[in-house]
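>>> A structural model of the following input is requested.
(one chain, ligands or ions: 2)
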Amino acid sequence: MEKLTDRLPTKTPLDKILNGGLEIDTITNVYGPPGSGKTNIALCTVLGVVKNNKSVYIDTEGSFSYERFAQLGGTQKDMKNIFLLQVHDWDEQHKIVQSLEKMVEKEDISLIVIDSLVALYRLHLDDTNFSLVNRQLATQYSVLSKITRKHKIPVLVTNQVYTKDDKVELTSRTIARYWSKTLVELRKLEKDNHRVAIVRKHRSIGEGKAIEFKIVEKGLEETKKFDIF
Ligand SMILES: Nc1ncnc2c1ncn2[C@@H]1O[C@H](COP(=O)(O)OP(=O)(O)OP(=O)(O)O)[C@@H](O)[C@H]1O
Ligand SMILES: [Mg+2]
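Ligands and ions are numbered 1, 2, ... in the order given. Below is the predicted model:
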């Protein structure tokens, strides 16, 4: 395995606001509304390591598209370096996340992506299982946190949002905010494929650092830079 520095590039404009990319010993949570670019960022990040290193990519929504992967520069050969795990329900997700530590001890893994961590959580949650499901989500975060800290494998998760009193909030907000050392919010701008990414929490970068980008066939391209959003 190539030696990683303390940042793993996402190969997207996010690298500019994250001083180079994902910290390798934390959970980075990218959140935003549908179509804001979460899956694109997940794919670009995996593509950045795929030539030389292995990744785990957990897809909980059937969002992984080989066609999009190929547009972004991926090949069938690259797929051999991705453990692509398709998850269909919350219980399956819970089991798979708990089995990740064994997997990283056996395989040389450079990146773990979960897109999305909370889609199935949101579907599964009801009035009767609230505490259990929240406890399970916290357990999944604690497993991921242990892996990233112990093995120095960056973990990238995506997270849906909901709107309350005109404020955008992360689904599972208390748990997500507690366990994710880096939070990046994505917003859609008026112009079709234009988006903005804003640092909402980071151990060494000021909150509010933002970058505007657009989604094009080949990936994400910076458009205009904001200092404070
Ligand atoms: N080839 C392409 N050229 C331009 N834009 C594209 C291309 N492929 C996808 N997109 C754009 O990417 C956006 C979807 O981004 P993405 O799937 O990353 O969103 P997301 O945040 O993961 O959404 P969701 O919450 O629904 O999973 C759409 O606006 C789509 O038009
Ligand atoms: Mg998506």
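>>> Residue numbers of this protein in contact with ligand 1?
32, 34-40, 63, 68, 71, 193, 215-217 (C-beta under 6 Å from any ligand atom). From N, CA and C alone the C-beta is placed, and that goes for glycine too.
>>> Now with 5 Å, please.
Taking C-beta under 5 Å from any ligand atom, the part of the chain that reaches ligand 1 is made up of 34-40, 215, 217.
>>> list the contacts for the spatially most central residue of the chain?
For the chain, the residue nearest the mean C-alpha position is V157 (2.9 Å; C-alpha atoms, centre = their mean). By C-beta atoms under 8 Å, 6 or more residues apart in numbering, the contact list for V157 reads 27-30, 113-117, 144, 180.
>>> And the longest helix seen in the chain, how far out from the chain middle?
Criterion DSSP state H: the longest helix present in the chain is helix 130-151. The chain centroid and the centroid of helix 130-151 are separated by 15 Å under C-alpha atoms, centre = their mean, to the nearest Å.
>>> close enough to count as contact, L189 and I211?
No: using C-beta atoms under 8 Å, L189 is not in contact with I211; the gap is 11.9 Å.
>>> Report the closest residue of the protein relative to ligand 2.
Nearest residue of the chain to ligand 2, counting by C-beta to the ion: T39, 3.2 Å away.
>>> thinking that residue is in contact with T158, fair?
Yes: using C-beta under 8 Å, T39 is in contact with T158, at 7.0 Å.
>>> what about E61, which SS state?
Assigned with DSSP: H, G, I helix; E, B strand; the rest coil, E61 falls in the coil class.
>>> Name the nearest residue to V118, ignoring sequence neighbours.
Among residues not flanking V118 along the chain, T171 sits closest, at 4.6 Å (C-beta to C-beta, 6 or more residues apart in numbering).
>>> that older thread, pLDDT on the longest helix of the chain, on average?
Averaging pLDDT along helix 130-151 gives 98.
>>> Within range of ligand 2, give me the residues from the protein.
By the rule C-beta under 5 Å from the ion, the part of the chain lying against ligand 2 is 38-39, 63.
>>> go with 8 Å
Contacts of the chain with ligand 2, taken as C-beta under 8 Å from the ion, map to 34, 38-40, 42, 61, 63, 115-116, 158.
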